[in-house]
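Asks: Below is the sequence, then the predicted model.
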Amino acid sequence: MARNNATTRSGFHYAYLIVLSCIVMTCLPCALVLSCAGIFFTPVSEFFGVPKASFTLYFSVLNLAMMATLPVAGKLLAVRDSRAVLSAATALCGLSMFGMASCQQIWQFYLVGAVLGIGVAPLIYLAVPTLINAWCVKRVGFFVGLCMAFTGIGGVIFNPLGTSIIQSSPEGWRQAYLVFGIIILVGTLPFTLFVVRGKPADKGLLPYGADEVETADGTGTSAGADATAPAKGVSAADAMHTPAFWAIVAFCGLITLNQTVYQFLSSYALSFSDSLPQIAAASGIVASAAMAGQAIGKVFLGSVSDRSVRLGAVCGIAVGAVGVLLMWGMPSVLALLLVGAFCFGVVYAMTTVETPLLVRSVFGSADYANIYSRVSMVGSLMSAVAAVFWSLVIDSAGGYGLMFALSLVCMAACLALAIYALAHAPKESAGSER
């Protein structure tokens, strides 16, 4: 056991390679499948001569497939080799991109979209929090936030590349799908096959930071000195019988509903084309400001949550509320509109950062993948219907004002649910600081 302690004190820990692997998974398959989906909506719809809604329906199918896949993927990650599960998921994503390139009729995209959902579900929802939770006992929030930030960074990198390929020929979208598929397989499989390990004990190591937790006698012995000792926490079956679980489920659904407001920020700016043409002209910049806020917000919220998950929730909601009030109240001032969009990006980041950290803090690590997969099902279902909901709100008499008002209600409810869940954590759990 002294050998384990020495290994973790040497300066480099294998956990850093796990973090790098998680970054690759979010930056490549997750970003290419999810963050870059929008660049295909118009060219593919025009090629087949159908309304955009007919093609983009595949994305709803994808989200429903993710929802159905998550509990199975959570069980597999809990009992099977993570390398096999994540490599299979990566292969499905890459091969499905080849399938998208080969589709000859619109209905075929729906079938491929279902396979894409099965493949990307464990990568976007489970891989990062599960691996980081297993490999780290400190800076968990920072590492989760850092890894998840690369879903947005990947979009920034690959959206221009995909767009240039799409514009190169009438069927450039097929080439773009093929290139994306190759990038996913070549860039990700080496990490999922050869670097990823499900837990430190697989490498004869302690988790990152375990050796810094000293016993009361000051000997420097790790509090978790036995690398094979079982993690603390409650089982999924027990968790589902607690009010805290359903509070987190509601939190996940509402924060996902709220994040979808981002998709309508460009349209909000364009709505001022007659009265404020300079604001309408900056519609693309407004969306970019929100994406920048999301990337930075994930790292920020993760770092704050390492001190207190409750404080992370308060900060995320507070910054998001300020963002909504700025965009709603002062849209005529471009600088404030951009600041508001950036701030809204911070609360957007809570979906993939604060939700898994809440689960870990409330229910511990013992059955983390199974519990979080069930919580994430609600988020995936909400993703499938949220855009339609907000479209109906915007088209109603209340318009964008009602959208922003409901967004504030969602955020207030999320903060209350997060605080309630943390206050009613089962005594058996041993999560991070609340």
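Replies: Nice, I can see it.

Asks: Residue nearest the middle of the protein, spatially speaking?
Replies: residue 352 (3.6 Å; Cα atoms, centre = their mean).

Asks: Would you mind measuring from that residue to residue 265?
Replies: Distance from residue 352 to residue 265, counting by Cβ to Cβ, to the nearest Å: 19 Å. To be clear about C-beta, it is placed using only N, CA and C from the backbone, and glycine gets the same treatment.

Asks: And residue 294, by the same measure?
Replies: Counting by Cβ to Cβ - residue 294 and residue 265 are separated by 12 Å.

Asks: Tell me which of the two has more neighbours.
Replies: More neighbours surround residue 294 than the other of residue 294 and residue 265, with 28 against 24 (other Cβ atoms under 10 Å).

Asks: thinking the more buried one is in contact with residue 152, fair?
Replies: Yes: if you go by Cβ atoms under 8 Å, residue 294 and residue 152 touch, sitting 5.1 Å apart.

Asks: Confirm for me that residue 299 is in contact with residue 147.
Replies: No: using Cβ under 8 Å, residue 299 is not in contact with residue 147, being 9.7 Å away.

Asks: more neighbours, the two?
Replies: residue 147 (30 against 20).

Asks: elements contacting the helix or strand hosting the more buried one?
Replies: According to DSSP states H and E, residue 147 maps onto helix 140-166. Where contact means 3 or more Cβ pairs under 8 Å, 6 or more residues apart in numbering; DSSP states H and E, helix 140-166 is packed against helix 15-25, helix 128-135, helix 172-194, helix 283-307, helix 350-363.

Asks: Run through the neighbouring helices and strands of the second one.
Replies: Read that as helix 128-135. Counting by 3+ Cβ pairs under 8 Å, 6+ apart, helix 128-135 packs on helix 15-25, helix 140-166, helix 350-363, helix 368-395.

Asks: mind giving me JSON lines with these and columns for distance to residue 311 and mean pLDDT?
Replies: Converted to JSON lines, the helices and strands packed on helix 128-135 look like this (distance: least, Cβ to Cβ, whole Å; pLDDT from 0 to 100):
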{"stretch": "helix 15-25", "distance to residue 311": "23", "mean pLDDT": "96"}
{"stretch": "helix 140-166", "distance to residue 311": "11", "mean pLDDT": "90"}
{"stretch": "helix 350-363", "distance to residue 311": "11", "mean pLDDT": "92"}
{"stretch": "helix 368-395", "distance to residue 311": "21", "mean pLDDT": "89"}
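
Asks: okay, the helices and strands packed on helix 140-166 in CSV with distance to residue 331 next?
Replies: As requested, the helices and strands packed on helix 140-166 are exported to CSV (distance: least, Cβ to Cβ, whole Å):
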stretch, distance to residue 331
helix 15-25, 36
helix 128-135, 35
helix 172-194, 34
helix 283-307, 10
helix 350-363, 24
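
Asks: nearest to residue 76, of these?
Replies: Residue 76 sits nearest to helix 128-135 of all these, at 10.8 Å, using Cβ to Cβ.
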